[in-house]
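>>> Sequence first, then the predicted structure:
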Amino acid sequence: MKITSTILMGAAQRAARWLASQQTAMGNYRGLGKPDENGIYSDTDDVGCYYKSIYSLRVAGQDAAAARMMRHIVDRYMHENGDIYTNEQSRSSGSYGPVFCQMYQNAWLARAAAAMRWYGLGRKITDFMVSLRDPKSAGFYAHVKPRSNIIDSCATAVGALACLQHQRPDLAVESVDFLLAMFKAQKDPDKLYTRWTSEGGLVTDLAGVEEKNYKYCYIDRKEGKQAYWIWGWPMNVMIAVYEYTGQEKYLEGAIAIWEWLASAHDNAFGFTTAGKDGWGSAMLYRVTGEKRYLQKNLSQMEFILSAQQPAGWMLGPGSKDFAAQPLRTTYDFTADFSTWLIDSSMELAFMGL
């Protein structure tokens with residue numbers, strides 16, 4: 001099958017229709033059991049079910065569903081200071097965000113607010129994120145509560161993107177300059193580390209980190225199934241800042257990250273965690289016209305299309321059917337994958353594909 005922007009758009013819209021069909025009138029997702037007297041399902045009462053869906057619904061044309069869901073998020077999970085989390089015991093479900101990038105959900109919601117043109121809401125979310133920005137390095141801290149001195153490449157990238165989208169471009173540029181410096185500070189040719197401190201620079205010591213979480217501390221070039229998004233987001237915000245400033249150093253930085261990923265395992269452009277890399281490839285193809293970027297984008301798009309089920313939802317590797325995959329994961333994958341389908345579709349359409 002030849003992949004075109006039309007095919008990608010159609011798949012994204014099928015996914016968004018399925019997501020919208022799972023929504024209640026109050027904006028939350030249905031769970032597997034019965035709701036309580038307030039219409040809340042215990043297994044979907046979690047920011048982790050929703051934070052990617054609003055952007056996906058909006059850009060795929062399900063505007064009313066996006067609005068209802070954002071209302072639900074604001075009413076149930078948003079706090080006066082602009083922070084958004086499930087409850088005092090758990091910011092959200094998942095193994096990455098709660099431990100390594102606690103503002104990840106906030107950043108996706110800021111991105112959704114920009115797509116909806118709800119700039120007041122987006123500024124409120126972004127202003128809280130900026131409170132987690134280190135003024136010395138311009139990097140963003142990984143943890144909201146408890147605070148730590150660890151700065152994270154992904155947190156910095158999504159924080160910078162929120163700043164660029166919500167009237168803080170000066171801060172975005174400074175943070176991307178930090179990401180360029182962080183990338184240049186890498187020493188191990190086979191590992192791309194993700195953590196930094198203003199006092200000590202790049203963190204390569206994994207003391208205190210559980211072995212199962214090493215994958216969030218670096219990307220291993222030689223291994224598959226890595227957390228590719230942790231440097232995929234920095235690549236993509238460098239492209240955004242390049243387009244905002246016109247300064248070649250940002251495009252050069254994005255290409256350098258892409259080259260590193262392209263030299264890694266094939267999963268870097270063909271796995272559940274590589275959607276951001278595929279989207280970045282599509283943007284680089286539009287900006288440069290070079291077909292090597294298109295080929296990597298199409299590799300990731302093929303992976304995503306192969307994950308889509310007839311009803312529109314997405315099935316991840318290792319799960320044989322709907323019942324075998326956790327419901328939160330199904331909502332997450334479907335929203336995440338459809339985002340990269342539709343964002344890539346836009347880039348490819350510009351190039352006449």
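The structure has been received and is ready for your questions.
>>> what are the ranges of the helices in this structure?
5-21, 53-59, 63-77, 97-100, 104-116, 119-130, 153-165, 169-184, 229-245, 248-262, 275-288, 291-307, 327-350 (DSSP state H).
>>> What lies in contact with the fifth one?
In this structure, residues lying in contact with helix 104-116 by CB atoms under 8 Å, 6 or more residues apart in numbering are 47-48, 51-52, 54-55, 58-59, 63, 66-67, 70, 73, 83-85, 91-92, 96-97, 119, 121-122, 125-126, 128-129, 154-155, 158-159, 161-162, 165-166. Heads up, the C-betas are built off the backbone N, CA and C, glycines and all.
>>> Repeat the analysis, applying 7 Å as the threshold.
Residues external to helix 104-116 that are found in contact with it (CB atoms under 7 Å, 6 or more residues apart in numbering): 47, 51-52, 54-55, 58-59, 66, 70, 73, 83-84, 92, 97, 121-122, 125-126, 128-129, 154, 158-159, 161-162, 165-166.
>>> With the shortest one instead?
Outside of helix 97-100, the residues that reach it under the criterion CB under 7 Å, 6+ apart are 90-92, 104-105, 142, 152, 213, 216.
>>> 8 Å - rerun?
By CB under 8 Å, 6+ apart, the list of residues contacting helix 97-100 from outside reads 48, 90-92, 104-105, 142, 152, 154, 194, 213, 216.
>>> got the buried residues for the helix or strand of the chain with the lowest mean pLDDT?
Least confident helix or strand of the chain, by mean pLDDT, DSSP states H and E, is helix 97-100 with a mean of 87. Using 16 or more other CB atoms under 10 Å as the burial criterion, the residues of helix 97-100 that qualify are 97-98, 100.
>>> Let me know the closest of those residues to Q308.
Proximity of the buried residues of helix 97-100 to Q308 (CB to CB) peaks at G97, which lies at 24.2 Å.
>>> roughly how far apart are that closest one and R91?
G97 sits 7 Å away from R91 when distances are taken as CB to CB, to the nearest Å.
>>> what do you get for P98?
As judged by CB to CB, P98 and R91 stand 5 Å apart.
>>> before we move on, what about L341?
The gap separating L341 from R91 is 28 Å, by CB to CB.
>>> Could you do I239 as well?
According to CB to CB, I239 stands 29 Å off from R91.
>>> Repeat that for A25.
Distance of A25 to R91, given as CB to CB: 27 Å.
>>> Looking at these two, which is more packed in?
Each of A25 and R91 had its neighbours counted (other CB atoms under 10 Å), and the higher figure belongs to R91 (26 against 7).
>>> dump the residue contacts of S299.
For S299, the contact set (CB under 8 Å, 6+ apart) comprises 266, 269-270, 278.
>>> which of those residues count as buried?
Members of these that pass the buried threshold by neighbour count (16+ other CB under 10 Å) are listed as 269-270, 278.
>>> so can I have CSV of those residues showing distance to F178 and pLDDT?
As requested, those are arranged in CSV below (distance: CB to CB, whole Å; pLDDT from 0 to 100):
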residue, distance to F178, pLDDT
F269, 26, 98
G270, 30, 98
G278, 25, 98
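>>> picking that back up, specify which member of the contacts of S299 is nearest to F183.
Of all those, the one with the least separation from F183 (CB to CB) is F269, at 18.7 Å.
>>> Please report phi then psi for the residue lying farthest from the centre of the chain.
The outermost residue of the chain relative to its centre, with distances by CA atoms, centre = their mean, is E37 at 33.3 Å. For E37, the backbone dihedrals are phi -70, psi -20 (criterion: degrees, to the nearest 10).
>>> Check it and give its pLDDT.
On pLDDT, E37 comes in at 97.
>>> Over to Y119?
At Y119, the predicted lDDT confidence score is 97.
>>> Tell me who's in contact with it.
Y119 makes contact with 113, 166-167, according to CB under 8 Å, 6+ apart.
>>> go on, S175?
With contacts taken as CB under 8 Å, 6+ apart, S175 has the following neighbours: 133, 138-140, 156-157, 159-160, 163.
>>> now I84
47, 51, 73, 77-78, 105-106, 109, 125.
>>> give me the beta-bridge partners of it?
Applying DSSP bridges to I84 yields these beta-bridge partners: M78.
>>> picking up where we left off before, give me the buried subset of the contacts of helix 104-116.
For the contacts of helix 104-116, a burial check counting by 16+ other CB under 10 Å picks out 47, 51-52, 54-55, 58-59, 66, 70, 73, 83-84, 92, 97, 121-122, 125-126, 128-129, 154, 158-159, 161-162, 165-166.
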